[in-house]
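1. below is the structure, and that's it, no one-letter string:
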């Protein structure tokens, strides 16, 4: 090929993002398993076995037990045992003071899936086989949502491994991924001169990811704030023939990654992988944590409920807790079906009505007026945690798919080899973020995020049958290829334009500010990474060039094992042309300004909509940001230039930020 396309280029690089959702593997639903200690008792080997029932999305009922998770993806994740009664009861999380195990290896051997965990279970010899209600729970942090089309094969060229990392990242104008850095320990030895005698690698860090973009959807604000509820009265529409599931007896716990239903029928509509489950829950939760929420029980979000809230612009401190999630996988149970969802549930639900949602003709659609037909309205606010996410980055030197289950002609090492490299940054959380706009620009979003670890597809390092084990997502080639999949990926036709300053308004300090020229809203989540002492008893597998063939090297033990939120802080700057002395009086009075339940005054209110055409307006794409409980910290009053206007950059510190959006996403 004479060097044609011999280098990597930006136009053949793809970045997608996705939720992280753990696995709940109950005995025989979907798989059974057995455990045996290693000979030196350093770790325990768990081997999955045949599923007795019908084949589902996660487990296979073929001749052996296959967990349909990309090989190596479980390395570095945490897991616990649970249940009511079973052979693993001595190791239940509840029974041993909360013991948490680390998965240090994940392989596919002799047609079955195996994982190795530390610390060892110390079974005492022999084999321990799952029974009763034994459960393996793989935690959500660092675990990309499972993709149901995964095919596992010993040959990299014949394997087709995927995760559900199919979300459009946004209109990114700049991006820097949290690439790996390694600590080096250097030792000088007496008698060996002045040069370093020994060098040893240490901790591995994945920090400093950055993304900047014109904001076109609320997705990144979900990862910045942390909580999401939907307006169950304005969340798409019922599919044809749909009937609500009512009178069910079930409980969903916060953090649960599935919901069990007696059947998949919603009237004549049937739930399938890729559809959405809406739990209509009128239970209320506060949107503030630092004070007792206003007890006015009729002023809560959403206004479409039995609330007396006048509009989204009015102050509220309570919300209903309806949630909507995509069905990522379906497993048959002995008495019904288990629907695994894309992103854990955030609230507890008990016997609430359940509705089905689809991206078909009843789903949200951008009309010719630029209004949304059957829109989704949501509320984002902060609480004790923020969700983690994963990012998939694939790069190649020619615009072709993964070899060979996606395309079969460009073999590794051949003249047309794309030299694809695929990485997945796992356990990502936003560290700090910024939302800004000015009179000559769009609404801009910027954030810094860190990650726990990186998975790398190593199929091209294997000794034979080299290939891309992992099928990389290419947004417009194999992912968002039709209207429904574009909506599911967050880039519905007509929704891709950013919010602009000329369709925005700012209300603050009890009045509409017609002389605002710019603003910046910044937040910090207090996220920190922590390394802990972890054993690594599993030998590293190397190729002929001494390169690790493990997708996550060294059992993930050199990566950070904890990423947690800390103190949340907000600050804001507003560039305004002063017209009176009110703001200066507020500053020198040292007052905190707070909204009153059901009233619109005192809030700082940023409202952006997307342009509409004749006949539209009521259901335009919109983003409404409510900033409350703030103290003005600075109002400079400079001497204006001759014939000039008096500009002032007001600085303030709020304690509460909420976002109400109207868009086409069932779930951010």
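-> Everything's here; your move. A quick note: this is a predicted structure, and the numbers were derived from the prediction, not measured. Numbering: from 1, shown residues only.

2. what segments of the stretch 201-350 of the chain are helices?
-> Using DSSP state H, counting those that start in this stretch, the helices of the stretch 201-350 of the chain run over 219-225.

3. okay, strands next: where are they in it?
-> Secondary structure of the stretch 201-350 of the chain (DSSP state E, counting those that start in this stretch): strands at 226-235, 251-252, 258-261, 265-266, 269-270, 276-280, 284-286, 318-320, 323-333, 336-341, 349-350.

4. same check, this time on the stretch 551-668 of the chain
-> Here the stretch 551-668 of the chain has its strands, by DSSP E, counting those that start in this stretch, at 562-564, 569-577, 592-593, 604-609, 622-634, 647-663.

5. give me the sheet partners of the fifth one and which way each runs.
-> Partner strands and pairing direction for strand 622-634 (DSSP bridges) are strand 592-593 (antiparallel), strand 604-609 (antiparallel), strand 647-663 (antiparallel).

6. quick check: mean pLDDT of the first one?
-> Read that as strand 592-593. Across strand 592-593, pLDDT averages out at 80.

7. need the contact partners of that strand.
-> Here strand 592-593 makes contact (C-beta atoms under 8 Å, 6 or more residues apart in numbering) with 509, 586, 602, 629, 630, 631, 632. Quick note: C-beta positions are derived from backbone N, CA and C, even for glycine.

8. with adjacent residues omitted, what lies nearest to the second one?
-> Counting by C-beta to C-beta, 6 or more residues apart in numbering, the nearest residue to residue 586 once its immediate chain neighbours are dropped is residue 632, at 5.2 Å.

9. if I look at that neighbour, how far off is residue 574?
-> Remark: distance between residue 632 and residue 574 (C-beta to C-beta, to the nearest Å) = 10 Å.

10. now the common contact residues for the two.
-> Common contacts of residue 632 and residue 574 (C-beta under 8 Å, 6+ apart): 650, 652.

11. could you dump the strands of the stretch 551-668 of the chain into TSV and include distance to residue 231?
-> Converted to TSV, these look like this (distance: least, C-beta to C-beta, whole Å):
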stretch	distance to residue 231
strand 562-564	31
strand 569-577	25
strand 592-593	27
strand 604-609	17
strand 622-634	13
strand 647-663	9
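
12. and of those strands, who's closest to residue 217?
-> Closest approach to residue 217 among those is made by strand 647-663 (5.9 Å; C-beta to C-beta).

13. so how far is that closest one off the chain centroid?
-> Put simply, strand 647-663 sits 24 Å off its chain's centre (C-alpha atoms, centre = their mean, to the nearest Å).

14. who's in contact with residue 664?
-> Applying C-beta under 8 Å, 6+ apart, the residues contacting residue 664 are 363, 364, 365, 366, 372, 375, 376, 487, 492, 495, 621.

15. go again using 10 Å as the cut-off
-> 217, 236, 359, 363-366, 372-376, 486-488, 490-495, 621 (C-beta atoms under 10 Å, 6 or more residues apart in numbering).

16. report the buried members of these.
-> Buried subset of the contacts of residue 664 (neighbour count, 16 or more other C-beta atoms under 10 Å): 217, 236, 359, 363-366, 372-376, 486-488, 490-492, 494-495, 621.

17. now, which of these lie within helices?
-> 486, 487, 488 (DSSP state H).

18. can you list those in JSON lines and add distance to residue 478 and pLDDT?
-> Converted to JSON lines, those look like this (distance: C-beta to C-beta, whole Å; pLDDT from 0 to 100):
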{"residue": "486", "distance to residue 478": "13", "pLDDT": "93"}
{"residue": "487", "distance to residue 478": "17", "pLDDT": "93"}
{"residue": "488", "distance to residue 478": "14", "pLDDT": "93"}
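
19. as CSV, the residues you listed with distance to residue 317 would be great.
-> Converted to CSV, those look like this (distance: C-beta to C-beta, whole Å):
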residue, distance to residue 317
486, 36
487, 32
488, 33
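
20. for the protein, give me the ranges with low pLDDT.
-> Scanning the chain for pLDDT under 70 picks out 1-6, 51-56, 59-63, 149, 509-514, 614-617, 642-643.

21. which residues in the stretch 51-200 of the chain form strands?
-> With DSSP E, counting those that start in this stretch as the criterion, the stretch 51-200 of the chain has strands spanning 78-82, 101-109, 112-118, 128-129, 135-138, 167-168, 174-176, 180-187, 198-214.

22. residue 259: which of those is closest?
-> The minimum distance between residue 259 and these falls on strand 135-138, with 15.4 Å, by C-beta to C-beta.

23. tell me what that closest one is packed against?
-> For strand 135-138, the packing partners by 3 or more C-beta pairs under 10 Å, 6 or more residues apart in numbering; DSSP states H and E come out as strand 23-27, strand 30-37, strand 78-82, strand 101-109, strand 112-118.

24. closest one to residue 302 among these?
-> Among the helices and strands packed on strand 135-138, strand 23-27 sits nearest to residue 302 (C-beta to C-beta), with 30.7 Å.

25. residue 360: neighbour count?
-> By the criterion of other C-beta atoms under 10 Å, residue 360 has 16 neighbours.

26. need the contact list for it.
-> By C-beta under 10 Å, 6+ apart, residue 360 lies in contact with 236, 237, 239, 240, 269, 275, 483, 484, 487.

27. need the contact list for residue 200.
-> Counted by C-beta under 10 Å, 6+ apart, residue 200 has contacts 183, 184, 185, 186, 187.

28. show the buried residues in the contacts of strand 592-593.
-> 509, 586, 602, 629, 630, 632.

29. is it true that the third one touches residue 628?
-> Yes. With contacts counted by C-beta atoms under 10 Å, residue 602 reaches residue 628, the gap being 7.9 Å.

30. okay, and the common contacts of those two?
-> Contacts common to residue 602 and residue 628, judged by C-beta under 10 Å, 6+ apart, are 315, 593, 594, 595.

31. distance of the first one from residue 183?
-> Read it as residue 315. Using C-beta to C-beta, we find residue 315 at a distance of 49 Å from residue 183.

32. and for the third one?
-> Taking C-beta to C-beta as the measure, residue 594 and residue 183 are separated by 46 Å.

33. more neighbours, those two?
-> Of the pair residue 594 and residue 183, residue 594 is the one with more neighbours under other C-beta under 10 Å, namely 16 against 12.

34. can you pull the contacts of the more buried one?
-> Contact analysis of residue 594 by C-beta under 10 Å, 6+ apart lists 291, 294, 315, 317, 602, 603, 628, 629, 630, 655, 656.

35. for the residue nearest to residue 564 when sequence neighbours are not counted, phi and psi?
-> With C-beta to C-beta, 6+ apart as the criterion, residue 564 has its nearest non-adjacent residue at 6.3 Å, and that residue is residue 528. Main-chain torsions, residue 528, degrees, to the nearest 10: phi -130, psi 150.

36. residue 528 contacts residue 452, doesn't it?
-> No. Counting by C-beta under 10 Å, residue 528 does not reach residue 452; the two are 11.9 Å apart.

37. circling back to that earlier point, how about the strands paired with strand 622-634, which one is nearest residue 500?
-> Residue 500 lies closest, by C-beta to C-beta, to one member of those: strand 604-609, at 7.7 Å.

38. and stretch 388-408, end to end?
-> Using C-alpha to C-alpha, to the nearest Å, the end-to-end distance of stretch 388-408 comes to 35 Å.
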